[in-house]
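[1] okay, sequence plus prediction incoming.
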Amino acid sequence: PQENIPDEVFASGVLGRCIGIDPVDGKIYSPCDGEITMVADTKHAIGITSAAGKEILIHAGIDTVKLKGEGFKCEVIPGQKIKKGDLILTEDVGLIREKGYSPIVIMVY
């Protein structure tokens with residue numbers, strides 16, 4: 001639940017309603033059909049506009065921006081059309097934990 005996300009910005013709802021998902025294998029899939037609107041230079045965050053016009057943010061990890069892309073492999077580019085279930089991002093859960101960060105994936109919707 002949103003209130004259990006270990007980051008005050010997300011837990012408080014400042015960025016909108018969200019959920020946190022503790023990843024098992026680090027593979028992150030699109031929650032909907034849509035278009036990729038943004039990929040962070042650090043590869044830890046992806047923006048999606050759903051086919052219904054809803055803006056969605058997928059944010060992998062807590063404070064993982066500090067890794068500057070290490071441990072992340074982005075599978076999409078801005079402007080790319082995607083379908084629900086498409087692989088969009090992979091995070092190295094072990095590396096992220098080893099570096100002292102939480103790999104929790106947050107979806108802001």
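    Good, I have the coordinates. On a predicted model such as this, the values are computed, not experimentally measured, just so you know.
[2] let me see the ranges of the strands in this structure.
    18-21, 27-29, 34-39, 45-50, 55-62, 72-74, 81-82, 87-91, 102-108 (DSSP state E).
[3] comparing those, which comes out most buried?
    strand 55-62 (a mean of 22; mean count of other Cβ atoms under 10 Å). C-beta coordinates here come from the backbone N, C-alpha and C atoms, glycine included.
[4] direction included, what does that strand pair up with?
    Partner strands for strand 55-62, per DSSP bridges, with pairing direction: strand 45-50 (antiparallel), strand 102-108 (antiparallel).
[5] what's the longest one in contact with?
    To tie it back to what came earlier, the one meant is strand 102-108. 5-7, 10, 15-23, 26, 28, 31, 56-64, 91, 93, 96-97 (Cβ atoms under 8 Å, 6 or more residues apart in numbering).
[6] what about 7 Å?
    Contact with strand 102-108 is made by 5-6, 10, 15-16, 18-23, 28, 31, 56-62, 91, 93, 96-97, as judged by Cβ atoms under 7 Å, 6 or more residues apart in numbering.
[7] over to stretch 71-83?
    30, 33-39, 43-44, 46, 60, 87-92, 95-96.
[8] one more pass at 6 Å, please.
    Stretch 71-83 is contacted by residues 30, 33-36, 39, 43-44, 87-92, 95-96 when judged by Cβ atoms under 6 Å, 6 or more residues apart in numbering.
[9] which phi and psi does Pro31 have?
    phi -80, psi 0 (degrees, to the nearest 10).
[10] again, but for the one 10 residues further on
    Reported as degrees, to the nearest 10, the phi and psi values for Asp41 are phi -60, psi -30.
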